[in-house]
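[1] Compute the structure for the input listed below.
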Amino acid sequence: MMSLDSITLYLVATMVAALLGAMMVFFGKQENSPALKWWGTAYLLGAASVALWTAAGDKLGPQVYLALNAVGFVACGMVWNAARVFHGRKPNWPGLLIGALAWVAAVTLLDPAASTLRMVIGALIVSVYAALTASELWVERRKSLQRRWPAFVVPVMHGCVLMLPILIGGFLRPNDASFSASIWVTVFAVELVLYAVGTVFVIFMLVSERTVTAHRTAASTDPLTGMLNRRGFSEACSRVIEREAKGGRPVTVMIFDIDHFKSINDRFGHPAGDEMLKLFSTVVVSNLRISDLSGRIGGEEFAALLPCALEEGVLVAERVREAFETSGVVVEEGPVDTTVSIGVAGGPAGTELEVLLAAADTALYQAKRGGRNRVEAAEELPLSLENWRRQSAARVGAPRPQPATV
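    Take a look at the predicted model:
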């Protein structure tokens, strides 16, 4: 009766795995996800091989029996490779096949009576693939820390269950060896069901997290330049200002405005204007430190926040201005002037972003009036944003009627 129950459990496990595999292949095609297709195909292959082995193992010839086992090990390698593909790495084709080849070699070269040794080798192969899958997911754990622990725990537990009877079999095996074997067959069958369901849960957790992250990134990124957009820049700056405030450190904000950008669009067309924007974004990122923030907050307007004093910020702004001026853009009609006006404002620890932007915007206005292609530092911060807005609206001939608030 125990044998019948074990066979039933294995068949249930394979049906569950096949259903989950078909579901992942379907969603992989729907979402154009290669990793889901890999996972789904691995489940289908594994389910087919285990089902045939369970239902007709005694009736199959030795060659077919060996081939079914090899397909099962290939499925284990596909699960590992699916984790690699999911994280943007190329499939490891030798690693995909080496488990199956090792098993075929073991069966071919070992004494047919050495069934225990073959079982040990088979469990080792599956456990190695489980460990490789866990390590692949553990590396990615750095990106989301606590929320990704199931991605590591599930394959590790699978490998442990497979290795447990081998490691402690000598302590658990009673005089009747068939009793121990049947108990472990049942344990394996139950664990196979739990592993199949648990792995799919982990897979969809990872896919869901990837989708949410992609949407969040798209909502905070400018599609043309790849920099932070107005919203993303504001949110990131708030975090940096709060962090610097705890250490009592000042921050500096600068606003960039490409000179005569409208005339560039009018003379050379919008594609040339887009290339100019992408060029300037590259110049800004290349001349800032990794700890600095930058973003595109308007048409030809960019902004940056630096965790430093005003004097250091002015030096960085000059470096950006010089680099852009000497970038040397040439189109069919001839060379294009690449100059930028920059307003810089600094404040003590804890100064609000809007206050810094207001002061930098005033300095930018002065740079424009002073002849463009220059850097101006704000002499003081505005006493109130409302007064600054009224003063900005009252400017005569101001190139930009709206303040660069975020």
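[2] the helices in the stretch 51-200 of the chain, which residues?
    With helices called from DSSP state H, counting those that start in this stretch, the stretch 51-200 of the chain shows them at 62-86, 93-109, 115-140, 149-172, 177-219.
[3] mind showing which ranges of this protein have poor pLDDT?
    Across the chain, the ranges flagged by pLDDT under 70 are 1-7, 9-10, 54, 56-58, 139-193, 195-196, 206, 209-218, 330-334, 382-406.
[4] Could you chop it up by domain?
    Residue ranges for the domains of the chain, per the TED database: 6-219, 230-381.
[5] Make JSON lines from these and add mean neighbour count to it.
    From N, CA and C alone the C-beta is placed, and that goes for glycine too. Putting those into JSON lines (neighbours: other Cβ atoms under 10 Å) gives the following:
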{"stretch": "domain 6-219", "mean neighbour count": "17"}
{"stretch": "domain 230-381", "mean neighbour count": "18"}
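[6] Mind giving me the packing neighbours of the helix or strand where residue 16 lies?
    Assessed by DSSP states H and E, residue 16 sits inside helix 2-30. Judged by 3 or more Cβ pairs under 8 Å, 6 or more residues apart in numbering; DSSP states H and E, helix 2-30 is in contact with helix 34-56, helix 177-219.
[7] Residues touching the first one, excluding its own?
    In other words, helix 34-56. 7, 10-11, 13-15, 17-18, 20-29, 60, 65, 68-69, 71-72, 74-76, 78-79, 81-83, 85-86, 91, 192, 196, 199, 203, 207 (Cβ atoms under 8 Å, 6 or more residues apart in numbering).
[8] same check, this time on stretch 325-342
    254-260, 264, 267-268, 272, 275-276, 279-280, 283, 317, 320-321, 324, 364, 367-368, 372-376.
[9] Give me the subset of these lying in strands.
    Using DSSP state E, the members of those that fall within strands are 254, 255, 256, 257, 258, 375, 376.
[10] Am I right that the first one is in contact with residue 313?
    Yes - counting by Cβ atoms under 8 Å, residue 313 is a contact partner of residue 254 at 6.2 Å.
[11] Identify the contacts common to these two.
    306, 344.
[12] Do you have the helices of the stretch 201-350 of the chain handy? List them.
    Per DSSP H, counting those that start in this stretch, the stretch 201-350 of the chain carries helices over the ranges 230-246, 261-268, 270-287, 310-325.
[13] For the longest one, enumerate the helices and strands it packs against.
    This points to helix 270-287. strand 251-258, helix 261-268, strand 293-296, strand 301-306, helix 310-325, strand 329-331.
[14] go again using 6 Å as the cut-off
    helix 261-268, helix 310-325 (3 or more Cβ pairs under 6 Å, 6 or more residues apart in numbering; DSSP states H and E).
[15] wait, which of these is closest to residue 226?
    helix 310-325 (17.3 Å; Cβ to Cβ).
[16] That closest one to strand 301-306, inter-axis angle?
    Helix 310-325 runs at 140 degrees relative to strand 301-306, counting by axes from the mean of the first three to the mean of the last three Cα atoms, to 10 degrees.
[17] Excluding covalently adjacent residues, which one is nearest to residue 24?
    Once flanking residues are discounted, residue 24 sits nearest to residue 40: 3.3 Å by Cβ to Cβ, 6 or more residues apart in numbering.
[18] And the one you found, how close does it get to residue 205?
    16 Å (Cβ to Cβ, to the nearest Å).
[19] Ok, residue 27 next?
    14 Å.
[20] next one: stretch 319-326 to chain centre, how far?
    Centroid displacement of stretch 319-326 relative to its chain, using Cα atoms, centre = their mean, to the nearest Å, is 33 Å.
[21] go on, stretch 273-292?
    Using Cα atoms, centre = their mean, the distance from the centre of stretch 273-292 to the centre of the chain it belongs to is 23 Å.
[22] what does it rub up against?
    Stretch 273-292 is contacted from outside by 225, 227, 264, 265, 294, 306, 319, 320, 323, 324, using Cβ atoms under 6 Å, 6 or more residues apart in numbering.
[23] list the contacts for the residue nearest to residue 125 when sequence neighbours are not counted?
    Leaving aside its chain neighbours, residue 125 sits nearest to residue 99 (4.4 Å; criterion: Cβ to Cβ, 6+ apart). Residue 99 makes contacts with 73, 77, 125, as judged by Cβ under 6 Å, 6+ apart.
[24] And for residue 79?
    Residues in contact with residue 79, defined by Cβ under 6 Å, 6+ apart, are 42, 133.
[25] circling back to that earlier point, report the separation between the residue nearest to residue 24 and residue 203.
    Residue 40 sits 9 Å away from residue 203, going by Cβ to Cβ.
[26] One more: residue 30?
    Taken as Cβ to Cβ, the span from residue 30 to residue 203 is 15 Å.
[27] how much space between the residue lying closest to residue 348 once chain neighbours are set aside and residue 340?
    Among residues not flanking residue 348 along the chain, residue 250 sits closest, at 5.5 Å (Cβ to Cβ, 6+ apart). Distance from residue 250 to residue 340, counting by Cβ to Cβ: 24 Å.
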